[in-house]
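**Q** Take this sequence and fold it.
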Amino acid sequence: MLVNITYILSAYLIGSLSAAIIVCKLMGLKDPREGGSKNPGATNVLRLHGKTAGILSLMGDLFKGVIPVLIARYSDTPDWVVALSGLAVFLGHLFPVFFNFKGGKGVATSLGVLLATSWLLGLSFMLTWVTVASISRYSSLAGMTAALCLPIFALWLTSNIAYPFVFLIMAIFLITRHQQNIKRLLAGTESKIGQKKV
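**A** Numbers count the residues shown, from 1 in each chain. Sure thing, here's the model as predicted:
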């Protein structure tokens with residue numbers, strides 16, 4: 001039991017390593033929490049500092065979602081430990097202990113968790129995002145729609161009830177972290193993909 005708790009706790013600590021903040025610090029760039037949307041995520045880094053820093057932040061957040069889940073999966077741990085490790089790394093990104101519990105929205109990290117759990121699960125999430133984004137041109141709407149579909153995908157593509165339960169929790173957090181986007185969507189002021197801000 002202690003070993004299982006260690007996996008979950010370690011996943012949370014890995015999730016608490018904010019790629020956006022670390023990348024900007026290593027590159028000598030302004031802290032993403034001090035500019036733009038003030039969100040320590042890849043999108044804000046991209047807007048503030050360009051493609052290189054944005055891509056590095058995205059890959060960092062993606063892979064930190066992959067690593068703890070893969071370690072748990074291939075260490076012959078029960079499915080519930082794998083699922084909770086995925087939830088723990090995701091919550092670590094949202095509420096990082098190393099950065100005063102103020103983290104990003106969790107989209108990239110959740111994708112990493114999904115891909116490590118089941119590549120089909122990750123692919124389903126990405127295809128949903130691409131489809132909605134292509135039709136609506138709203139990145140936020142695409143992300144929230146894909147999040148809502150997560151528990152359904154998990155019921156279909158996984159064999160343990162722990163996964164749909166965990167992904168339902170993740171979906172709720174993903175949507176609540178997009179409250180401002182929801183307000184802008186309802187007001188018709190949300191920026192579309194490719195739209196230049198005036």
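**Q** so where's the chain shaky on pLDDT?
**A** Residues of the chain that meet the criterion pLDDT under 70 lie in 194-198.
**Q** ok, 80 please
**A** 1, 37, 139, 191-198 (pLDDT under 80).
**Q** Do you have the helices of it handy? List them.
**A** 2-15, 19-26, 42-49, 51-73, 79-94, 107-117, 119-136, 139-157, 162-176, 179-187 (DSSP state H).
**Q** Output those helices as TSV; include the columns mean neighbour count and distance to residue 101.
**A** In this view, the C-beta of every residue, glycine as well, is placed from N, C-alpha and C. Shown next, in TSV, are those (neighbours: other C-beta atoms under 10 Å; distance: least, C-beta to C-beta, whole Å):
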stretch	mean neighbour count	distance to residue 101
helix 2-15	17	11
helix 19-26	21	13
helix 42-49	22	18
helix 51-73	20	17
helix 79-94	25	9
helix 107-117	27	15
helix 119-136	16	26
helix 139-157	20	21
helix 162-176	20	14
helix 179-187	13	18
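**Q** Quick one, which of the ones you listed gets closest to residue 100.
**A** Among those, helix 19-26 comes nearest to residue 100, with 11.1 Å by C-beta to C-beta.
**Q** Who are the packing partners of the closest one?
**A** On a contact count with 3 or more C-beta pairs under 8 Å, 6 or more residues apart in numbering; DSSP states H and E, helix 19-26 meets helix 42-49, helix 51-73.
**Q** quick one on the thing from earlier: just put the helices of the chain in a markdown table and tack on distance to residue 193.
**A** Shown next, in a markdown table, are those (distance: least, C-beta to C-beta, whole Å):
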| stretch | distance to residue 193 |
| --- | --- |
| helix 2-15 | 27 |
| helix 19-26 | 20 |
| helix 42-49 | 11 |
| helix 51-73 | 15 |
| helix 79-94 | 23 |
| helix 107-117 | 14 |
| helix 119-136 | 6 |
| helix 139-157 | 5 |
| helix 162-176 | 18 |
| helix 179-187 | 13 |
